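> Sequence plus predicted model, see below.
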Amino acid sequence: MSVDMYRRQVASIREALAKLSSLKARESQKAADAGKKSLAAGSAASKTKQLSTANSKLKEAARYADVQAKHLVEVAKLEKKIAAEQKKLATAELRVESEEARVLKKRNTEQQKMQEAQKRQFREVESSLKTHDSLHRETAARIDKLAALPEEIKVAFFATDPATASDRRLLLDEEVREIHQKIRLSDHRDAVKLESRWALRPAEILQYMNELKPTIVHFSGHGSDQDELVLQDRNGDAKLVSMASIVATFELYDSVRLVFFNTCHSFNQAAACTQHVDAAIGMNQSIGDEAARVFSAQFYSAIGFGCSIPAAFKQAKTALMLEGISEESTPELYLRDGVDDSDLILVKPRAQ
């Protein structure tokens, strides 16, 4: 039963009790009146000297006493009914209290659930707003980064192939030609300027770095298995340059974002350079001429199309696979700690 039904039941019992109490009051009054009349008749019988009058009054007193007794019997019956109804009323009132408590508990539970749902919804909305704000800030930061990119980047292509470094001369001029062609065919051809310097000597590195202020430094030629870069001396013979001196050089130039060692056994040099530059590419073993040319040409093509350094690196490795050159595992890319892809786009997008 619902709480309203229990309440109607209580009201009905109370109404019945009121009627019974009213009936009891009337019966009690009738009994009292009959008792008074019986006493009055008995008193009159005791005072009269006439026998017939006395007998008449005694009969009258007995008759009123009977009437009083009947009314008292009715009062007793009514009192039993009232007691029963009062018991029913107490039980019904307990049921009302219990049902009201149950309904209140249910309502409180539902309100609590609703409040929790509202709080949860608020947290979700708040989280969504925070996520939106975070994405907005990230997008704005990326736009700011792209806007801050230079209108033009320079690639310093340092080529060295000393006569004493190898029995076979490298086709470095072909590598430069293919890189240049790929850049000229890219979307941002005017934003990537290739500057080549040949027969590089150690002392010329700082001169060219100061002169060009490059974004990318590309070494093409030979490397030793002792982590040394092979340049040449004044006589055109091979001169070994230690990894420590190469790494120290890039500590001096903030403009450099990428160092590309297209030389054999250069992976340790590349990894070490990321102390000072965002990214570096090196070879973990010897690399063939054709592989070196195909890899570097596609890498700079992707840079010219606005790809990030990691994306361009992946394209260059894929180019080796497409050409059937099984040296795609030789190049390795190293990134400075904390740098992500959005920081490694070098070419500023053209305004639409």
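That came in fine, so what should we check first?
> Tell me the helix or strand right after the lengthiest helix in the chain.
Ranked by number of residues, the top helix in the chain under DSSP state H is helix 51-148. Next along the chain after helix 51-148, taking DSSP states H and E as the criterion, comes strand 153-159.
> where does that next one sit relative to the chain's centre, distance-wise?
44 Å (CA atoms, centre = their mean, to the nearest Å).
> same for that strand, what does it pack against?
Counting contacts by 3 or more CB pairs under 8 Å, 6 or more residues apart in numbering; DSSP states H and E, strand 153-159 packs against helix 172-184, strand 192-198, helix 204-212, strand 216-220. In this view, the C-beta of every residue, glycine as well, is placed from N, C-alpha and C.
> so where's the stretch 251-352 of the chain shaky on pLDDT?
Applying pLDDT under 70 to the stretch 251-352 of the chain flags the ranges 349-352.
> quick one, helices of it?
267-273, 289-304, 309-322 (DSSP state H, counting those that start in this stretch).
> orientation of the longest one relative to strand 153-159 in degrees?
So the one you mean is helix 289-304. On the basis of axes from the mean of the first three to the mean of the last three CA atoms, to 10 degrees, helix 289-304 is oriented at 170 degrees to strand 153-159.
> mind exporting helix 289-304 as CSV, just the C-alpha atoms?
Extracted in CSV, the C-alpha atoms of helix 289-304 (Å, rounded to 0.1, in the frame of the first residue of the first chain):
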residue,chain,number,x,y,z
ASP,A,289,76.5,5.0,-52.7
GLU,A,290,73.1,4.4,-54.3
ALA,A,291,71.5,3.9,-50.9
ALA,A,292,73.0,7.1,-49.6
ARG,A,293,71.8,9.1,-52.6
VAL,A,294,68.2,7.6,-52.6
PHE,A,295,67.8,8.0,-48.9
SER,A,296,69.1,11.6,-48.7
ALA,A,297,67.2,12.8,-51.8
GLN,A,298,63.8,11.5,-50.5
PHE,A,299,64.5,12.9,-47.1
TYR,A,300,64.9,16.4,-48.4
SER,A,301,62.0,16.0,-50.7
ALA,A,302,59.7,15.2,-47.7
ILE,A,303,61.2,18.2,-45.8
GLY,A,304,60.4,20.4,-48.8
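> Give me the buried positions along that helix.
Within helix 289-304, the residues scored as buried using 16 or more other CB atoms under 10 Å are 291-304.
> Looking at these, spot the one nearest residue 2.
Distance to residue 2, by CB to CB, is smallest for residue 302 among those, at 75.0 Å.
> Relative to residue 216, how far out is the residue nearest to the closest one when sequence neighbours are not counted?
With sequence-adjacent residues excluded and distances taken as CB to CB, 6 or more residues apart in numbering, residue 302 is closest to residue 312, at 3.5 Å. Distance, residue 312 to residue 216, by CB to CB, to the nearest Å: 11 Å.
> Common neighbours of the two, please.
Shared contacts of residue 312 and residue 216 (CB atoms under 8 Å, 6 or more residues apart in numbering): residue 303.
> Any idea how many residues pack against residue 192?
24 (other CB atoms under 10 Å).
> My guess is it contacts residue 183. True?
Yes - taking contacts as CB atoms under 8 Å, residue 192 lies within contact range of residue 183: 5.0 Å.
> returning to that earlier point: give the contact list for the residue nearest to residue 302.
298-300, 302-303.
> got it, and residue 256?
Per CB under 8 Å, 6+ apart, neighbours of residue 256: 214-217, 250, 276-277.
> try 10 Å this time
156, 209, 213-217, 249-250, 273, 276-280 (CB atoms under 10 Å, 6 or more residues apart in numbering).
> filter those to the buried ones?
Buried among those (16+ other CB under 10 Å): 156, 209, 214-217, 249-250, 273, 276-280.
> now those residues as CSV including distance to residue 170?
Below are the buried ones among the contacts of residue 256 laid out as CSV (distance: CB to CB, whole Å):
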residue, distance to residue 170
156, 18
209, 23
214, 21
215, 25
216, 20
217, 18
249, 23
250, 24
273, 22
276, 27
277, 25
278, 28
279, 24
280, 21
